[in-house]
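**Student:** Sequence and predicted structure, then a few things I'm wondering about:
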Amino acid sequence: MAEDELWKTFLRFEREVVKPRMETLRDDLRGDMRSLRNEMFDGFDGVYHRMERVETELAAITAALKRLETDVARLKAGEHLDRDTLRAEVAEIKQRLSVVEKSLN
């Protein structure tokens, strides 16, 4: 009889004390994990956004360099090119490179 009484008391303790506390702990842990996951995703989103900007600027710099290389090749071939055009292209490349460097820092 004492064993049945002890067992019933144990089950009641588990039902009324342990189980609710475990559920609270589980819910708290889930909330903390959700917050951490959201913070991590926000951080990754920022990195991806910066990488997209860098890739865009890199494509623009690459295109400008190709134009400049073409102009230099034409100069070597003896064609006459406007120096102002070349200076403008070099200035554009420098400006875009400055943007990329700022976004990396």
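**Tutor:** Yep, it's here.
**Student:** Now the helix or strand where residue 91 lies: buried residues?
**Tutor:** According to DSSP states H and E, residue 91 maps onto helix 83-104. Judged by neighbour count using 16 or more other C-beta atoms under 10 Å, the buried positions of helix 83-104 are 89, 92, 93, 96, 99, 100. C-betas here are computed from N, CA, C, even on glycine.
**Student:** nearest to residue 71, of those?
**Tutor:** Using C-beta to C-beta, residue 89 comes nearest to residue 71 of the buried residues of helix 83-104, at 7.0 Å.
**Student:** And residue 38, how close does it get to residue 81?
**Tutor:** 54 Å (C-beta to C-beta, to the nearest Å).
**Student:** Oops, could you answer that again for residue 35 instead?
**Tutor:** Distance from residue 35 to residue 81, by C-beta to C-beta: 59 Å.
**Student:** likewise residue 24?
**Tutor:** For residue 24, the distance to residue 81 - C-beta to C-beta - is 76 Å.
**Student:** Could you do residue 31 as well?
**Tutor:** Counting by C-beta to C-beta, the separation of residue 31 from residue 81 is 65 Å.
**Student:** Check residue 6 too.
**Tutor:** For residue 6, the distance to residue 81 - C-beta to C-beta - is 99 Å.
**Student:** pLDDT value on residue 21, please?
**Tutor:** Confidence at residue 21, expressed as pLDDT, is 96.
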